[in-house]
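K.L.:
let me see the structure of the following:
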Amino acid sequence: MRQEATTSHTSVSVQETTAGFRYSVRIEQILAALALVLCGSWFAYKQAFSQFQHYDDEGLMLIMLRHYMRYGGLYSSTFTQYGPFQVYIHEVAHVVLGIPVTHDGGRIVMLIFWIGAAILATVFLYALTRQVVLSAAVFFLTLTLSIVLRYEPGHPQQVILFLTELGFCLSLRARGRVSKLATFLIGAIAACLILTKLNVGVFYAAAAFFSFVALMSPGRLRTLLLTLGCPAAILMPVLIMRTHLHAWAWHYCLLATACIAIFVLTISAIPTTDPWRPAELWWPVAGFLAGLTLILGVALLSISPNVLLEGLLLPVTHAAGFFFIPLKIPSMGMAIAGASSMLSVLVWKTRDRLAHHPDILGMFKIVVGLATIGILLTHILATSLVALPLIPLAYLQASGRPQTLNYLFPRVLLCGMIIFQFLQAFPVKGSHVHIALTPAMAWAFVLVFDGYRHLETVSGTALLAQIPALLRLRAVSAVLTMCFSAAILVDAEQTHFADYESGPTLDLPGSTRIHVSSADAKLYSQLVADIRENCDVLLTMPGMYSLNLWSERPTPNGMNWTGWMTTLSEKQQRETLERLRKSPRPCVAYNRGDLAYWMPMGEDSLEKSPLGKYVATETVTIARVADYELRVPVTERDRDVSTHLSNAHQ
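P.N.:
Modelled structure (predicted):
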């Protein structure tokens with residue numbers, strides 16, 4: 001009995017020790033992950049509440065969402081150039097989380113999307129590599145690369161980045177118990193993006209289309225789809241940029257066309273051991289149709305079909321011709337891109353030979369991956385010249401043998417998304433370049449990891465081969481991750497947080513957390529005080545709707561847009577003008593410098609703008625604060641009083 005008891009006790013002790021060991025390792029990883037997310041969130045929070053951008057996309061998105069939530073009438077009485085999904089998802093976020101539609105609240109919602117996108121990028125890389133430290137690096141570097149979100153809180157870009165990263169994560173489930181649901185949701189995301197921002201949704205759908213079709217089992221259907229799809233994809237940049245090809249866009253168009261051609265032609269030649277069966281491709285199609293049906297069904301409950309169709313097609317028919325920020329690529333940049341393209345073609349053509357030299361291919365991938373990481377952090381546009389033409393490296397393998405769908409599909413979808421989303425930067429460069437190229441950070445880390453894996457197969461590289469194995473040790477990885485997080489934050493404290501630490505808060509309604517420079521705080525406080533004193537209704541030219549929110553003075557109606565001078569129709573402007581004239585004390589906040597920014601084609605078209613004519617001929621300046629003028633109808637104030645007040649403010 002004693003012996004049996006001893007044996008039983010020993011057995012229990014071993015089980016407890018083993019369980020305790022497993023639990024302690026799991027705790028270390030959980031603590032490392034929590035440290036990573038908390039430190040990254042602290043970094044993002046301080047960035048999110050630093051600065052205010054004068055072009056005020058933030059105020060535009062807030063005033064649009066607030067007007068819609070109060071009065072409804074999307075596209076009819078509440079103007080927007082974006083699709084209904086981004087309006088609905090932001091409404092849900094504010095209502096469900098109980099976050100007010102203010103500057104502070106909008107930035108909190110932006111933080112959720114921003115940090116969520118970085119977490120999804122981390123999950124994607126960890127699932128591919130099982131490298132905790134590499135995944136930690138991707139988390140922080142994705143946050144850093146997408147930091148442009150803080151300039152335009154509430155903009156569809158935050159939804160776009162999150163949904164794109166979610167698509168990557170779903171692609172990890174190409175085979176398995178949930179593959180049907182995963183591919184269904186990949187298709188649904190395409191519908192969500194199309195009904196958020198039409199061009200971005202089309203680019204996502206194109207990347208998903210080629211990722212599914214190229215990895216199909218050989219047959220007539222695959223041949224037909226590729227025969228139709230490849231020429232359409234290669235011609236896509238020309239069709240999109242045709243209005244500006246003669247001026248500034250032809251270099252951009254040539255680069256995008258070359259990169260798309262390299263992508264669609266190389267993936268057509270990838271062998272896989274377990275290709276998609278044609279029947280499986282109905283799941284993403286079903287997801288796409290279900291997403292469209294659900295979102296459009298909700299929209300049609302309150303919007304007529306004609307109004308909805310007109311609102312969805314407005315960006316296609318209007319935007320590029322009236323407002324653009326050119327993405328200009330110099331001749332030297334094109335020479336670099338040409339050299340990268342030729343190198344990419346050469347590597348692909350010699351892939352069979354490289355299969356016998358995995359050390360060469362491995363080192364090449366490592367060099368390209370590390371170079372891309374450095375370029376992304378220093379000169380992001382140069383990434384398109386160096387890295388985009390080399391996109392096939394992510395699915396070019398040293399073994400020379402067909403790979404599984406689980407291996408290929410995430411890599412191919414990632415590459416396709418980077419290539420097609422690069423077209424986002426037309427016609428407005430701005431922050432679109434950062435959002436489009438943020439996934440390139442994960443691509444670069446995949447290259448580095450795959451390069452080391454190739455080196456593992458080569459004798460004589462024992463030191464290099466041990467690096468991935470060392471990083472796979474969970475305890476070491478946890479410690480290194482926390483050290484890495486601390487180092488990033490120390491650097492951030494010294495280099496990124498100067499605005500947050502030194503500047504005062506705006507101390508205006510709904511903006512008590514936002515830190516700005518002392519000059520900006522004084523400017524907006526004075527301007528808002530003048531508006532409150534003189535106005536019941538405020539029109540801004542161009543649209544600067546934060547002034548409405550801060551002064552708590554409404555706009556004339558829901559026809560609000562930053563570049564309303566060229567975007568709103570004559571009928572819409574006349575309706576706004578009629579409401580403005582009926583107001584007891586209407587005012588106009590006018591900024592000539594910002595007006596020139598929003599009208600790159602010149603201000604001649606203002607002669608066709610009823611509201612523009614009203615501001616120019618029927619209002620007089622009563623106050624000036626920096627570059628802003630506060631104007632009222634000339635018949636409502638005596639000119640002598642106006643001149644006196646104007647001189648006093650000067």
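
K.L.:
so L630, which state does it fall into?
P.N.:
Counting by DSSP: H, G, I helix; E, B strand; the rest coil, the backbone at L630 sits in strand.

K.L.:
give me the distance between it and L547.
P.N.:
10 Å (C-beta to C-beta, to the nearest Å). C-beta coordinates here come from the backbone N, C-alpha and C atoms, glycine included.

K.L.:
list the residues that contact both of those two?
P.N.:
Here L630 and L547 have L527, I531, A589 as joint contacts, going by C-beta atoms under 8 Å, 6 or more residues apart in numbering.

K.L.:
which one of these has the most neighbours?
P.N.:
Highest neighbour count within these, by other C-beta atoms under 10 Å: A589, with 26 neighbours.

K.L.:
sec struct for that residue, please.
P.N.:
strand.

K.L.:
partner residues bridging it?
P.N.:
Taking DSSP bridges as the rule, A589 bridges to T540, L630.

K.L.:
these two touch, right, it and L538?
P.N.:
Yes: using C-beta atoms under 8 Å, A589 makes contact with L538 at a distance of 6.3 Å.

K.L.:
shared neighbours, these two?
P.N.:
Both A589 and L538 are contacted by I531, L547, under the criterion C-beta under 8 Å, 6+ apart.

K.L.:
okay, now the unreliable bits of the stretch 501-650 of the chain?
P.N.:
Low-confidence segments of the stretch 501-650 of the chain, defined by pLDDT under 70: 501-502, 635-650.

K.L.:
all strands for it, in order.
P.N.:
Using DSSP state E, counting those that start in this stretch, the strands of the stretch 501-650 of the chain run over 537-541, 586-590, 619-625, 628-633.

K.L.:
mind giving me JSON lines with those strands and columns for distance to L577?
P.N.:
Shown next, in JSON lines, are the strands of the stretch 501-650 of the chain (distance: least, C-beta to C-beta, whole Å):
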{"stretch": "strand 537-541", "distance to L577": "9"}
{"stretch": "strand 586-590", "distance to L577": "10"}
{"stretch": "strand 619-625", "distance to L577": "12"}
{"stretch": "strand 628-633", "distance to L577": "11"}
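
K.L.:
right, so of these, which gets closest to W248?
P.N.:
Nearest of the strands of the stretch 501-650 of the chain to W248, taken as C-beta to C-beta: strand 537-541 at 27.1 Å.

K.L.:
how far does that closest one sit from the chain's center?
P.N.:
Offset of strand 537-541 from its chain centre (C-alpha atoms, centre = their mean, to the nearest Å): 30 Å.

K.L.:
check stretch 242-251 too.
P.N.:
Computed by C-alpha atoms, centre = their mean, the chain-centroid distance of stretch 242-251 equals 24 Å.

K.L.:
mind listing what's buried in that stretch?
P.N.:
Across stretch 242-251, burial judged by 16 or more other C-beta atoms under 10 Å covers H244, A249, W250, H251.

K.L.:
quick one: which of those residues sit in helices?
P.N.:
Mapping the buried residues of stretch 242-251 onto helices (DSSP state H) picks out W250, H251.

K.L.:
mind picking the two most distant members of the buried residues of stretch 242-251?
P.N.:
Spanning the widest gap among the buried residues of stretch 242-251 are H244 and H251, at 11.2 Å by C-beta to C-beta.

K.L.:
dihedrals phi and psi, N591?
P.N.:
The main-chain torsion angles of N591 are listed as degrees, to the nearest 10 and equal phi -140, psi 110.

K.L.:
how much space separates it from M541?
P.N.:
Going from N591 to M541 by C-beta to C-beta gives 7 Å.

K.L.:
give me the more crowded residue out of those two.
P.N.:
Set side by side, N591 and M541 show more neighbours around M541, with 25 against 19, by other C-beta under 10 Å.

K.L.:
list the contacts of that one.
P.N.:
M541 makes contacts with M565, V588, A589, Y590, N591, L595, L611, G612, V615, as judged by C-beta under 8 Å, 6+ apart.

K.L.:
try it again with 6 Å
P.N.:
Counting by C-beta atoms under 6 Å, 6 or more residues apart in numbering, M541 touches V588, Y590, V615.

K.L.:
many thanks, have a good one.
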